[in-house]
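>>> sequence and predicted structure, then a few things I'm wondering about:
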Amino acid sequence: MAGLKCVGILAHPRRPNTAPIAKRIAETLEARGIQTWLYTDWTEEDVREEAKCADMVVAIGGDGAMLRAARVCAPYKVPVLGVNMGRLGFLTEIREPDHWDQYIDPLINGEYWIETRMMVHTNVTRDGEVIATEDGLNDVVVSRSIVTGIVRLEMYINEDWTTTYNADALIIATPTGSTSYALAAGGPILPPELRNILIVPVAPHLSMDRSIVLSEGSTVAVVAMPDSEDEVYLIVDGRSVAHLQAGDVVRVTSSEFSSQFVRMREHNYFYRSLLDRLEPRIIRPQDGLPDEDNEEMD
């Protein structure tokens, strides 16, 4: 996508320190003759109309900012470039905002590639009527509301009963989400180009305790059972979507939309980037403990 004409810039609405970076990015792009629009305090509904007309959107923050921006931009096939100001920033592309200037010329010259990632669509049916729908990039979680108690969930794959879970939660994740909550719960890592759905139970009790990877095009249905010990909630990409009642059916399948990310690294960046964040720093015995002079910076 060479020849950028309009770029949207989204600072993290709950991180005021991202606003100055957003303004600086807008100024540098405008100085090159590129039209920009900028939001520092926004909801997804606020920017949908603007996103329709953008050639690219720059999201500033961490992975949360990328998830927000991706959901806004996916219906319009607008790619998102992430500038990391979070802790991990696994989805972001530019690791340090101070290095922004060195990326301007490659962006203007189209020296990047677009990575496409699947999203999932979920809906909740109650007494035969759909009461909630949502698209997500990371995961769909059916979870209890408090620390004590468990939820009891029946799961169906392609409309066939598969198993019943007694667990803290059930994660239904995309390959993108496989490196998030699902990974923390012991699930496998899926490469981002896949279009599979991953199912991971959280702290299952006397029930299936292994992850399941479904083939492309599969549909998952989860039914909240009346004998759950706690209230049950549906959460998509970390946002509460519905308070589930007994008998409610949550269906998850691949979305008609896909998220697009701007990448300037090599196509094989994924595993090295992942391991850089997961592997602990190795200190040789002769080095001793790191001190203020030789400690590596995260």
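Yes, it's here. Numbers count the residues shown, from 1 in each chain.

>>> okay, now the unreliable bits of the stretch 101-250 of the chain?
Low-confidence segments of the stretch 101-250 of the chain (pLDDT under 70): 146-148, 229.

>>> walking through it, point out its helices one by one.
Remark: helices assigned in the stretch 101-250 of the chain by DSSP state H, counting those that start in this stretch are 101-108, 181-184.

>>> now the last one, how far from the centre of its chain.
Distance of helix 181-184 from its chain centroid, counting by C-alpha atoms, centre = their mean, to the nearest Å, is 12 Å.

>>> for it, name the packing helices and strands.
The contact analysis (3 or more C-beta pairs under 8 Å, 6 or more residues apart in numbering; DSSP states H and E) places helix 181-184 against strand 139-144, strand 169-173. Heads up, the C-betas are built off the backbone N, CA and C, glycines and all.

>>> could I get these in TSV, plus columns for distance to Cys6 and mean neighbour count?
Below are those laid out as TSV (distance: least, C-beta to C-beta, whole Å; neighbours: other C-beta atoms under 10 Å):
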stretch	distance to Cys6	mean neighbour count
strand 139-144	32	24
strand 169-173	33	25
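
>>> so can I have CSV of those showing distance to Ala203?
Listed next are the helices and strands packed on helix 181-184 as CSV, based on distance: least, C-beta to C-beta, whole Å:
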stretch, distance to Ala203
strand 139-144, 10
strand 169-173, 8
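
>>> just grab the bridge partners of the residue lying closest to Val142 once chain neighbours are set aside for me.
Of all residues not flanking Val142 in the chain, Leu170 sits nearest, at 4.8 Å (C-beta to C-beta, 6 or more residues apart in numbering). With DSSP bridges applied, Leu170 shows beta-bridge pairing to Val142, Pro201.

>>> tell me the spacing between Leu170 and Met225.
12 Å (C-beta to C-beta, to the nearest Å).

>>> what's the answer for Glu266, then?
On the measure of C-beta to C-beta, Glu266 and Met225 end up 47 Å apart.

>>> show me which of these two is the more surrounded one.
Met225 (16 against 9; other C-beta atoms under 10 Å).

>>> next, that one: phi, psi?
The phi/psi pair for Met225 (degrees, to the nearest 10) reads phi -90, psi 150.

>>> so what's it closest to, chain neighbours aside?
Closest to Met225 by C-beta to C-beta, 6+ apart is Arg152, at 4.0 Å.

>>> which ones are touching that neighbour?
164-166, 224-225, 227-229 (C-beta atoms under 8 Å, 6 or more residues apart in numbering).

>>> go ahead and flag the most central residue of this structure.
For the chain, Asn138 is the residue whose C-alpha lies nearest the centre (C-alpha atoms, centre = their mean; 3.7 Å).

>>> which strand residues bridge the residue nearest to Met225?
Listed by DSSP bridges, the beta-bridge partners for Arg152 are Asn166.

>>> give me every residue that touches the residue nearest to Val142.
Counting by C-beta under 8 Å, 6+ apart, Leu170 makes contact with 141-143, 151, 153, 155, 199-202, 222.

>>> residues contacting the residue lying closest to Cys6 once chain neighbours are set aside?
Computed as C-beta to C-beta, 6+ apart, the closest residue to Cys6 that is not its neighbour in sequence is Gln35, at 4.5 Å. By C-beta under 8 Å, 6+ apart, the contact list for Gln35 reads 5-7.

>>> number of nearby residues for Glu96?
Neighbour number of Glu96 under other C-beta under 10 Å is 10.

>>> over to Asp127?
By other C-beta under 10 Å, 9 other residues sit near Asp127.

>>> now do Ala69, the pLDDT please.
pLDDT, Ala69: 95.

>>> and Leu206, how close does it get to Ala167?
10 Å.

>>> which one of these two has more residues nearby?
Ala167 (25 against 8).

>>> contact partners for that one?
Ala167 touches 150-151, 153, 201-205, 207, counting by C-beta under 8 Å, 6+ apart.

>>> pull the most distant pair out of the residues you listed.
Spanning the widest gap among the contacts of Ala167 are Leu153 and Ala203, at 13.0 Å by C-beta to C-beta.

>>> so for those two, which sits in the more crowded spot?
Per other C-beta under 10 Å, whichever of Leu153 and Ala203 has more neighbours is Leu153, with 24 against 12.
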